[in-house]
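Peer 1: sequence-free structure coming up:
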């Protein structure tokens, strides 16, 4: 799985590779090959296509020139525009000239009108001005060039394929901040590993599709292999899909209980239940207040039911013991979607999560003496807490210790704020860091939802999803994700892998739903649930 590295980590990785015998020149050559290959893969016929490369003075510009040499060899017509002077002689610039490419230097061979003309005539624009090490604000010369290119690009009548090398110039690869002049890319070929700023808004809105360009690094290189952050990809999550043997039965794929819904939010239970079935769970049991069960039967005919004690359509404290008994034989429990936040429901949660013997030991350091009563309760199955369950949980004293070990928490930024006391802006500015820190502190799996959902394990590992789509910005899609996680846990997928796999499938289903609808605006949560099998089929096809 591709790593996600900071600017400093990438610098140390390159230094270690160079010290180990894989030189910067070799890395640059491989980077150029990766960029050229990505361009060629997106052109029906590269021969005769006009390629404009904006070239900076550093290694990023060298990568662009190396790509230009390869593209010129394939028959493309390459022009390299040197935004800043490069060392003289420059081996890649000299080679591009030898191959018949054109190399123009700003304020020497080319004036601003020439740059506008080149942009207007190009089929492909490669942005290789600034790399990962650049800092804001931009210099006047770089700002002027990018502004001129954007002005020319905006007046074109035909599409211009825009590709950024490592990152769009003017984007901070750690924070995601960017200069106003930064050129939006259709695709970003980020070299060796993804960078946090490509996955953090506002910069994430400018990178287009993210492609990892290999530069020949040894995957076993210590400085690279020990990076705990990874960008989730299909190849890796595919390995976590549970097997479906032909001689199986419903018991093979486990039972998930979903405690959800209330008089104001009855649909949450159905959405989570459908998602659990759609990812392959053998049996889904919906545990709901009695007053909302009958309308839900038609929505999910395949479910079985646990009717929980309720008052005015919300769960009461007495529901805790009924639910515990109903979880016998279950392999997963999803708790929280649509429960509401009434005081009686908080008492239900408090009773359900009363301290177990193992948690008493953890807080006290010892067990009560033999003649003292220790809290006893039937153990809960793998627990997934979502939505209102998280809000209610945050009000309980020492709540992390009340949960079964390795529980899965699925907050959006607002719910994460309630759990942590941090404000939303602080969380959003460092989503990966906050998720990893709290997963380690709480000793539970954290799924921080949103654009590029983060899944963090207590041991420090984390996965960032490659999806950011407004199709998922709709009520009920979180219920779908919680149900999908529960459905995978029910089948025996370990907590961390189930959370990451479900988040990947959920994100992909959102993209598919938008494609099917033709817009992100009209996608409903139920449609996302309905397309989970299509996302699974894509994984299975490879």
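Peer 2: Great, that's in hand. On a predicted model such as this, the values are computed, not experimentally measured, just so you know.

Peer 1: For the stretch 51-200 of the chain, which segments are assigned as strands?
Peer 2: Using DSSP state E, counting those that start in this stretch, the strands of the stretch 51-200 of the chain run over 77-82, 102-105, 124-128, 161-165, 187-191.

Peer 1: ok, and what's touching the third one?
Peer 2: Going back to what we said before, that points to strand 124-128. 35, 39, 43, 49-56, 60-61, 63-65, 67-68, 76, 119, 149, 153, 160-165, 168-169, 183, 185 (Cβ atoms under 8 Å, 6 or more residues apart in numbering). C-beta: built from backbone N, CA, C; applies to glycine.

Peer 1: quick revisit: got CSV for the strands of the stretch 51-200 of the chain, with mean pLDDT, mean neighbour count and distance to residue 316 too?
Peer 2: Output for the strands of the stretch 51-200 of the chain, formatted as CSV (pLDDT from 0 to 100; neighbours: other Cβ atoms under 10 Å; distance: least, Cβ to Cβ, whole Å):
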stretch, mean pLDDT, mean neighbour count, distance to residue 316
strand 77-82, 97, 24, 71
strand 102-105, 93, 18, 76
strand 124-128, 98, 27, 60
strand 161-165, 98, 26, 56
strand 187-191, 98, 25, 52
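
Peer 1: Which among the ones you listed is found nearest to residue 23?
Peer 2: With Cβ to Cβ, the closest approach to residue 23 among the strands of the stretch 51-200 of the chain belongs to strand 187-191: 15.0 Å.

Peer 1: Neighbouring strands - and their directions - for that closest one?
Peer 2: strand 161-165 (parallel), strand 209-213 (parallel) (DSSP bridges).

Peer 1: Distance to residue 322 for these - can I get that in TSV?
Peer 2: What follows is the strands paired with strand 187-191, written out as TSV (distance: least, Cβ to Cβ, whole Å):
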stretch	distance to residue 322
strand 161-165	56
strand 209-213	47
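
Peer 1: mind checking which of these is nearest residue 477?
Peer 2: The nearest among the strands paired with strand 187-191, by Cβ to Cβ, is strand 209-213 at 22.1 Å.

Peer 1: In the next helix or strand along the chain from the closest one, which residues are buried?
Peer 2: Using DSSP states H and E, the next helix or strand after strand 209-213 towards the C-terminus is helix 222-225. Within helix 222-225, the residues scored as buried using 16 or more other Cβ atoms under 10 Å are 223, 224.

Peer 1: Equivalent analysis for stretch 341-356, please.
Peer 2: Buried, per 16+ other Cβ under 10 Å, within stretch 341-356: 342, 344-353, 355-356.

Peer 1: Filter those down to the ones in helices?
Peer 2: Among those, the ones falling in helices (DSSP state H) are 344, 345, 346, 347, 348, 349, 350, 351, 352.

Peer 1: OK, contacts around the second one?
Peer 2: Going back to what we said before, that points to residue 345. With contact set as Cβ under 8 Å, 6+ apart, residue 345 has these partners: 262, 314, 315, 316, 339, 388, 392.

Peer 1: who touches residue 42 in this structure?
Peer 2: 161, 187.

Peer 1: gap between it and residue 246?
Peer 2: As judged by Cβ to Cβ, to the nearest Å, residue 42 and residue 246 stand 40 Å apart.

Peer 1: Report the central residue of the protein.
Peer 2: residue 465 (1.7 Å; Cα atoms, centre = their mean).

Peer 1: Surely that residue touches residue 507?
Peer 2: Yes - look at residue 465 against residue 507 with Cβ atoms under 8 Å: they come within range, at 4.9 Å.

Peer 1: Now do the shared contacts for those two.
Peer 2: Common contact partners of residue 465 and residue 507 (Cβ under 8 Å, 6+ apart): residue 453.

Peer 1: picking that back up, tell me the two of the ones in helices among the buried residues of stretch 341-356 that are most distant?
Peer 2: 344 and 352 (12.8 Å).

Peer 1: joint contacts of these two?
Peer 2: By Cβ under 8 Å, 6+ apart, no residue touches both residue 344 and residue 352.

Peer 1: Let me have the strands of the stretch 51-200 of the chain in CSV, extended by distance to residue 29.
Peer 2: Below are the strands of the stretch 51-200 of the chain laid out as CSV (distance: least, Cβ to Cβ, whole Å):
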stretch, distance to residue 29
strand 77-82, 16
strand 102-105, 18
strand 124-128, 14
strand 161-165, 14
strand 187-191, 12
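
Peer 1: Residue 211 is in contact with residue 189, correct?
Peer 2: Yes - using Cβ under 8 Å, residue 189 makes contact with residue 211 at a distance of 5.0 Å.

Peer 1: what's near enough to touch the residue nearest to the centre of the chain?
Peer 2: 232, 452, 453, 454, 455, 503, 504, 507.

Peer 1: what comes up buried for the longest helix along the chain?
Peer 2: Counting residues, the longest helix found in the chain (DSSP H) is helix 495-517. Neighbour-count burial for helix 495-517, counted by 16+ other Cβ under 10 Å, picks out 495-514.

Peer 1: Could you do stretch 531-538 as well?
Peer 2: For stretch 531-538, by 16+ other Cβ under 10 Å, it's 531, 532, 535, 536.

Peer 1: wait, which of the residues you listed is closest to residue 400?
Peer 2: For those, the nearest to residue 400 is residue 532 (30.0 Å; Cβ to Cβ).

Peer 1: and the closest residue to the closest one other than its chain neighbours, how many neighbours?
Peer 2: The shortest distance from residue 532 to any non-neighbouring residue, by Cβ to Cβ, 6 or more residues apart in numbering, is to residue 278 (4.1 Å). Look at residue 278: counted by other Cβ atoms under 10 Å, it has 24 neighbours.

Peer 1: so residue 328 makes contact with residue 381?
Peer 2: No - using Cβ under 8 Å, residue 328 is not in contact with residue 381, being 9.2 Å away.

Peer 1: could you list every residue that touches residue 460?
Peer 2: Residue 460 sits in contact with 228, 436, 440, where contact means Cβ under 8 Å, 6+ apart.

Peer 1: Please apply the same query to residue 96.
Peer 2: So residue 96 contacts 65, 68, 69, 72, 78, 80, 103 (Cβ under 8 Å, 6+ apart).

Peer 1: just to revisit the earlier point, report the set of residues contacting both of residue 189 and residue 211.
Peer 2: Common neighbours of residue 189 and residue 211 (Cβ under 8 Å, 6+ apart) are residue 38.

Peer 1: and the gap between the closest residue to residue 73 other than its chain neighbours and residue 386?
Peer 2: Closest residue in space to residue 73, ignoring its immediate chain neighbours: residue 99 at 6.3 Å, by Cβ to Cβ, 6+ apart. Going from residue 99 to residue 386 by Cβ to Cβ gives 57 Å.
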